[in-house]
Each structure stands twice: as structure tokens, then as C-alpha cells.
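**Student:** Below is the sequence, then the predicted model.
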Amino acid sequence: MLSNYIKIAWKVLLRHPFYTFITLFGITLTLAVLMIVTSFLDHLFGPHYPENKRGRSLYVATVMRTDSANMTMSTGPASFGLLTKHAKSLKSAERVAIMSNFSFSNTYVNGKRIKLNTKYTDADFWYVTGFEFLEGKPYDDTNIRNSDHVVVITDALRDQYFENNGKSVVGKEIEIENINYRVIGVVKGSPPTRVYTYSDVYFPYTAPKSNYESKGLQGRYVAIVLAKDASDIPSIQSEFDSNISKITLPEIKDGGNYNVLKVKAEPYFDHFLNTFARSDADKVAFYSIAALVLLMVMGLPAVNLVNVNVSRILERASEIGVRKAFGAPSKALLWQFIIENIFITFIGGTFALIIAYLAIRFINSSGWIAYADLTINFPVFVISIIVCLVFGLLSGVLPAFRMSRLKIAEALKA
């Protein structure tokens, strides 16, 4: 029966090329946009290079101090001291990396200024992240203890600063802000959309201008806490909350009127969401807006396709009348039209997948996002299949139900 429905749907497509074009164009355009958007969201929040361990990572990125009435507030990154004392000491974590938010420095090549994104990290940064070393190796705890002037640079900066002609630059010096540093390693760079790992140059935190010895709870540093297994995350969060609860009131006040401290170890998406929506009401608003946008993106094209499908199916009223006259139940007709519409939607989805793939390849190679690595991987593909099914149902159920309810006399008159 299913194969018969599909054969009928194929014949219908070939019978009316104009309706077929309109239908497939609307489906293909809508699904292609949704696939590209889904791929971009996966790029932002998924476990990809170099943060390919996000599935078992927690981020400590924001320190909020306020009074009990929420009249005054101070929010910002944590200090190196707070993270060392309360995050590095976590016994339930596999490893904890501390890094600065990126800052800016300058270097010069043949009198031309190059503006650099710079980041200060500890040695565990290279373990917690998954950077690919193209040359050399990362700095270690010995380099940090000795305050060695060493750096790890990206391949893009290597190619821009050194005329290496394929030769290794490890051991060569690069001058940054009038200080000479020895290149100890070269890595494939991180996309700027991964703000906690993106940089052009990576320094040990004991390098000049890191400000890692600043006092207080707030500073310029972030921690990534790596769990041995994703199932360990709740226990790590519990231990971290316990550590934070031990911070005394004088430390929280720090010369201000604050008496409430909020510091959380959160998965990346939760941290991202809490940055923009701190209260439950804000989160409800965020999800409501996201749902409304999704409804508009999927719903409006689906409504247009409903009208096209009604017109297309009305032309088959006589066919419906004959089938009903021979005893075909309304339920069978309903399923026939739904399956036909899903079949047509999957044809449009196939075209959309091809267009999305080509568009993603273009975005990756265009240089709009440095080191962009958008992909249509398995999760994106599964989501795309689900979207095809939902879209097919949205645009097919109403006209199918309407046609299946036609009376025999009305259908035969058409």
C-alpha cells in the first residue's frame, strides 16, 4: 500500500510541473535555511575543535556580586586567585584549566602593525582543550614556574609574521609589545565563535601583563572544569557550590555594599543562556521568542503550501469520488494524501540538503568566520529529517483531511 501511495505521488508530480516547482521551491528554500541555521547553532554550542570535550566540561566564567535587594550589582570574569583556590582544588574533576578572556597586543612586520588577540593560560589549558599542534609543543609547568618568555602561536600568525617557506618556526623569536618571546609551538587556530579558546597568541599566565596576581574575586580569568565522565558533572557542581559557599562576607563586600555572591560551574549552553537571561522570567521570554521565530520560519511557508496543496488536491476530486464510490474509507484517503505530502517534502529535503551542503562549504572557505568548521553531521542530519517530517505534516494534514471528508456527489461533480 505504501509503495502504491508513493507511485501515485510521483505521477502527480509529473502531471503538473508548475505546481511541482512551486511546492518544491517553497520546501527546499525553507528546509535549506533551517539546515544552515541548525548547522550554525551546532557550530556555536556543539563539542567541536578545539573545545571537543564540551560534553563533559563545565565553565566558570562569571562572578556576580549584589546586595540582597538587587539594587547594586557587579558582574564580570573571575580572578585568577578565586579560580585557583575554588576550582583548581576540585577533587571530583579530572582537570581544570584557567585562561584569561582574550585581550589585545601589537606586533610589527616590516613596519606594518598586526593587531593580535592574546590569551594567558595555565599548562592544563592544553589538556582540557583539543588543539592540534602543527609544530612544536605546548608550554608546561616548568616554563610557567620559570616565567619563561615562550608563546604558542596559530598557523595564521606564523604565516603572517614569518617567511618560513615551509620551514619550522619553533625556536624563533617574535616581538610583541617590545618584548621578545620564543615560539615553542604552532597550533591550528580556533574559530572566534569559541571565545574562551580563540586567540592568535597564547602566553603562560606568568608572562608580563597577565595581571594574574590581582586581588579580589573579580578579574579577567575563566575556568573550564573537565569531568572524567559526563555523569560526574552533578557531583562536580555540588563540590564547587560548596567551595564557593565558604567565601567569607568581607571577601564578597570587598569595599562595596555586596552581600550575595553567585558563581556557577555550568555547561556551555547554560552559561551562554544565563549570560543573557539571568532570571527564570528572562529564560521563559527567551524560549518564547525562539519558539515564535521557529513557528514563523516553519509555519508561514507551511500555510502557503497548504493553499498550494488544496489547489493541487482539488483537481483530483473526481479521483477521490470514484475511490469513495468503490468503498475507500476516509481514513485511507487521509493517509494517502499525508504520505504523498511527506514524500514530496523529502524530495524537497534532498534538494535542501544539497543546497545547505554547498552553502556551508562556501561559508567555511569564504573567510567570513576564521577557521569556520560548519558541518552537516549526524545530529544536524537527524534534526533535518525530523524537520522534514514536521514540515510535511504541517503542510499536508489540513488539505488531506479536507479532501478525505468530501462527499461522493460533490467529488464526482468536480
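**Tutor:** Nice, I can see it.
**Student:** how about the helices in this protein?
**Tutor:** 2-15, 17-45, 80-86, 125-128, 141-145, 155-161, 233-245, 249-253, 268-276, 280-314, 317-325, 330-366, 378-404, 408-413 (DSSP state H).
**Student:** For residue 212, which of those is the nearest?
**Tutor:** With Cβ to Cβ, the closest approach to residue 212 among the helices of the chain belongs to helix 80-86: 4.1 Å. (Each C-beta comes from the backbone N, C-alpha and C, glycine too.)
**Student:** Same question for stretch 87-106: list its buried residues.
**Tutor:** 87-88, 90, 92-100, 102, 105 (16 or more other Cβ atoms under 10 Å).
**Student:** The residues you listed in strands, which ones?
**Tutor:** 95-100, 105 (DSSP state E).
**Student:** Rebuild these as CSV, extending it with distance to residue 365.
**Tutor:** Below are these laid out as CSV (distance: Cβ to Cβ, whole Å):
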residue, distance to residue 365
95, 35
96, 36
97, 31
98, 35
99, 29
100, 31
105, 29
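**Student:** Dump those residues into TSV; add distance to residue 237 and pLDDT as well.
**Tutor:** Shown next, in TSV, are those (distance: Cβ to Cβ, whole Å; pLDDT from 0 to 100):
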residue	distance to residue 237	pLDDT
95	16	97
96	13	97
97	17	98
98	18	98
99	20	97
100	23	96
105	35	94
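**Student:** Who does the nearest residue to residue 173 once chain neighbours are set aside form a beta bridge with?
**Tutor:** Nearest residue to residue 173, sequence neighbours excluded (Cβ to Cβ, 6 or more residues apart in numbering): residue 180, at 4.8 Å. Beta-bridge pairing of residue 180 under DSSP bridges involves residue 175.
**Student:** how near is residue 180 to residue 172?
**Tutor:** 10 Å (Cβ to Cβ, to the nearest Å).
**Student:** Give the residue from those two that has the larger number of neighbours.
**Tutor:** Under the criterion of other Cβ atoms under 10 Å, the comparison of residue 180 against residue 172 puts residue 172 first, with 14 against 9.
**Student:** Count the neighbours of the nearest residue to residue 251 once chain neighbours are set aside for me.
**Tutor:** With sequence-adjacent residues excluded and distances taken as Cβ to Cβ, 6+ apart, residue 251 is closest to residue 217, at 6.4 Å. By the measure other Cβ under 10 Å, the count of residues near residue 217 is 22.
**Student:** go on, the one 3 residues further on?
**Tutor:** By the measure other Cβ under 10 Å, the count of residues near residue 220 is 19.
**Student:** list the contacts for it?
**Tutor:** 77, 79, 100-101, 103, 211, 214 (Cβ atoms under 8 Å, 6 or more residues apart in numbering).
**Student:** again with residue 260
**Tutor:** So residue 260 contacts 65-68, 252 (Cβ under 8 Å, 6+ apart).
**Student:** So how do I select the buried members of these in ChimeraX?
**Tutor:** Entered in ChimeraX, the line below selects the buried ones among these, by 16+ other Cβ under 10 Å:
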select :65,66,252
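**Student:** Let me know the closest of the contacts of residue 260 to residue 369.
**Tutor:** residue 65 (34.6 Å).
**Student:** which non-adjacent residue is nearest the closest one?
**Tutor:** residue 258 (3.9 Å).
**Student:** Surely the one you found touches residue 251?
**Tutor:** No: assessed by Cβ atoms under 8 Å, residue 258 is found out of contact with residue 251, at 10.0 Å.
**Student:** circling back to that earlier point, what about the residue nearest to residue 65, how many neighbours?
**Tutor:** Residues lying near residue 258 (other Cβ under 10 Å) number 20.
**Student:** Report the contact partners of it.
**Tutor:** With Cβ under 8 Å, 6+ apart, residue 258 has these contacts: 65-67, 72, 74, 252.
**Student:** again, 7 Å this time
**Tutor:** By Cβ atoms under 7 Å, 6 or more residues apart in numbering, the contact set of residue 258 is 65-67, 74, 252.
**Student:** Tell me the pLDDT of it.
**Tutor:** Residue 258 is assigned a predicted lDDT (pLDDT) of 89.
**Student:** now the residue minimising distance to the centre of the chain: how far from residue 150?
**Tutor:** By Cα atoms, centre = their mean, the chain has its centre lying nearest to residue 44, at 2.2 Å. From residue 44 over to residue 150 the distance is 32 Å, taken as Cβ to Cβ.
**Student:** pretty sure residue 387 contacts residue 33?
**Tutor:** No: using Cβ atoms under 7 Å, residue 387 is not in contact with residue 33, being 10.5 Å away.
**Student:** which of these two has more neighbours?
**Tutor:** In this view residue 387 and residue 33 are compared by other Cβ under 10 Å, and residue 387 has more residues nearby, 20 against 16.
**Student:** which two in the ones in strands among the buried residues of stretch 87-106 are spaced the farthest apart?
**Tutor:** Across those (Cβ to Cβ), the longest gap, 27.6 Å, separates 95 and 105.
**Student:** circling back: so which of the helices of the chain gets nearest residue 56?
**Tutor:** Nearest of the helices of the chain (Cβ to Cβ): helix 233-245, 6.9 Å.
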